[in-house]
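Visitor: Return a 3D structure for these sequence lines:
(2 chains)
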Amino acid sequence: MKSELKIFNTLSRKKEIFTPIKPPHVGLYVCGPTVYGDPHLGHARPAITFDILFRYLSTLGYKVRYVRNITDVGHLENDADEGEDKVAQKARLEELEPMEVVQYYTERYHTFMNALHVKSPSIEPRASGHIIEQLAIVEKILKEGFAYESNGSVYFDVERYNQEHQYGTLSGRVLEDLLSTTRQLEGQTEKKNSYDFALWKKATPSHIMRWPSRFSDGFPGWHLECTAMSARYLGETFDIHGGGMDLLFPHHECEIAQSTIAHGHGPARYWMHNNMITINGQKMGKSLGNFITLEEFFTGNHALIEKAYGPMTIRFFILQAHYRSTVDFSNDALMAAEKGLLRLMDGMAQLAKIKAGTSTTFDVEAFKNKCFEALNDDLNTPILIAHLFDAVRIINQSVSGQAHFTEKDLTSFTELLHLLVFDILGLAPPENSGSKSSETLDGVMHLVLDMRQQAKANKDWGTADQIRDALSALGIVVKDSKEGATWEIK
RNA sequence: GGUCGGUUGGCCGAGUGGCUAGGCAACGGUCUGCAAAACCGUCUACGGCGGUUCGAAUCCGCCACCGACCUCCA
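Guide: Residues are numbered from 1 along each chain as shown, chains lettered A, B, ... in the order given. Here you go, the predicted model:
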């Protein structure tokens, strides 16, 4: 399938036409969650961003292998000697086996990603399952002379690397600057330079998660897993590497350095980074006290949230902003998004009610082109959604006879909208709307609305309004139209 | 301090050297028994100061403010 998909490549800081290495195959690697805590809003952004990419590439006819890792080892709490594996630290606090914690939060992550309609990746490898691959890379880099052993740990020699290659190409950093800006932490005497990073870390005695190696009983460095697992499942060169902007430096920079030594070149041709999420204009962070988990969002059980917001509202809200912009979560913005989504979904439901005519007053082909133009322009979902609202207007006009479609155009219009809204954007009507209700409820509602219709026919406005008001109190909105009444649970 | 990014109408949020973004809210109208929904219309904004240009919110410079990264982070 031909496409003019352009994506913003962080490497060049420009939009580039996407050309896969071996069409129709596309290799996509995205940094996944560290499963030591409940999934939060921050996890939703990259998951949804790259879900759209995954879905769209698939729509374009590519055979995508999407690899998104689960980090269950290796991320240090800090860079110092006494640093310990995040997972292990949490486990000790709760007196659980580390893998118990991993299991629990991995399942939580999956549950909430499913709720957000984030498709499962093709492969979801775990860092703990790839220690051998990671150690092999450590050996390779040591052999090439770009790493050194120190007190049971192995560090990447950034200075040496920078002599032959350029360190900082992705993030635009210069090594000399890093010298002055890198934090000096206690116990860094093992490292030659503060900017060197660990490939293998010797475990402290209290450290539960550890693996034997010829250097020490320890665990792999924080950046190594992605290098090892992406190479294993996608090859040493693959198409797209994605992740949050906060991972740009040092994580992705280090991946490039490791890969350059181990494989002779950087891992990916295109690097894509989604921007961060803010809460009321401020970065979300545990230390800032504005940390909101997805569960809290879905239940409304958080001080900063006025009400519960459904997964589709959050998905829609995120898609209403471009993935490279920050998106600010506030109650006003979320409520606006919720209503907007409802309007869009109403429109989709109305689509089936359009009666085909003898002529078409809407240029379906031009509309289609506009929509794909938006997607092709670095996944510009806000523009796509703006077009979709134009379509909603056309749909509503058609239902009331102010716009028309031929049978053929109506079919292609309907198919196009289903493709865009459901398949590519991955949206769906809110969980408890009329369309998804039980047959029993449908039957009851049909009866009730019939009775109201009877009352209206008899000009018994009191009864008609009583029915409407009582339903409204139950959260069921009655919508009258010339064709009769429909209903919807709010 | 270094690097990078942002500042758009009541709110959110796109975009671009001249041509309506879109959503939410508000207001007016049509429809309706009355409403709601829907439709039509109104609200015409781009931080400040200079500069380039026939023309800039869009390019350049300076200033102000905000934020991200530089430390685990999505």
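Visitor: got the domain boundaries for chain A?
Guide: Residue ranges for the domains of chain A, per automatic domain parsing: A:6-274, A:278-424, A:434-489.
Visitor: tell me the most buried of these?
Guide: domain A:6-274 (a mean of 19; mean count of other Cβ atoms under 10 Å). Using the backbone N, CA and C atoms, a C-beta is placed for each residue, glycine as well.
Visitor: before we move on, the earlier item: mean pLDDT added to the domains of chain A, as TSV?
Guide: Formatted as TSV, these follow (pLDDT from 0 to 100):
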stretch	mean pLDDT
domain A:6-274	87
domain A:278-424	90
domain A:434-489	82
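Visitor: Redo the ones you listed as a markdown table? Include distance to RNA strand B.
Guide: Converted to a markdown table, the domains of chain A look like this (distance: least, Cβ to the nearest atom of the strand, whole Å):
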| stretch | distance to RNA strand B |
| --- | --- |
| domain A:6-274 | 2 |
| domain A:278-424 | 2 |
| domain A:434-489 | 3 |
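Visitor: And the helices in the stretch 101-250 of chain A?
Guide: A:131-144, A:158-164, A:175-181, A:224-234 (DSSP state H, counting those that start in this stretch).
Visitor: among the ones you listed, which is nearest A:F362?
Guide: With Cβ to Cβ as the criterion, A:F362 lies closest to helix A:224-234 of those, at 42.5 Å.
Visitor: helices or strands next to the strand or helix carrying A:R393 in the packing?
Guide: Here A:R393, judged by DSSP states H and E, is contained in helix A:381-399. Where contact means 3 or more Cβ pairs under 8 Å, 6 or more residues apart in numbering; DSSP states H and E, helix A:381-399 is packed against helix A:311-319, helix A:331-350, helix A:364-376, helix A:407-418.
Visitor: again, only this time at 6 Å
Guide: Helices and strands touching helix A:381-399, by 3 or more Cβ pairs under 6 Å, 6 or more residues apart in numbering; DSSP states H and E, are helix A:331-350, helix A:364-376.
Visitor: Could you say which one of these comes nearest to A:E488?
Guide: The nearest among the helices and strands packed on helix A:381-399, by Cβ to Cβ, is helix A:331-350 at 7.8 Å.
Visitor: other SSEs contacting the closest one?
Guide: helix A:311-319, helix A:381-399.
Visitor: Would you tell me what the next helix or strand after the first one is?
Guide: Note on helix A:311-319: by DSSP H and E, the next helix or strand toward the C-terminus is strand A:327-329.
Visitor: That following strand pairs with which strands, and in what direction?
Guide: strand A:277-279 (parallel) (DSSP bridges).
Visitor: next helix or strand past the strand it pairs with?
Guide: Where DSSP H and E defines the elements, the next helix or strand beyond strand A:277-279 is strand A:282-283.
Visitor: Residues in contact with the helix holding A:R393: which ones?
Guide: Here helix A:381-399 makes contact (Cβ atoms under 6 Å, 6 or more residues apart in numbering) with A:319-320, A:322, A:347, A:350-351, A:353-354, A:362, A:370-371, A:374-375, A:403.
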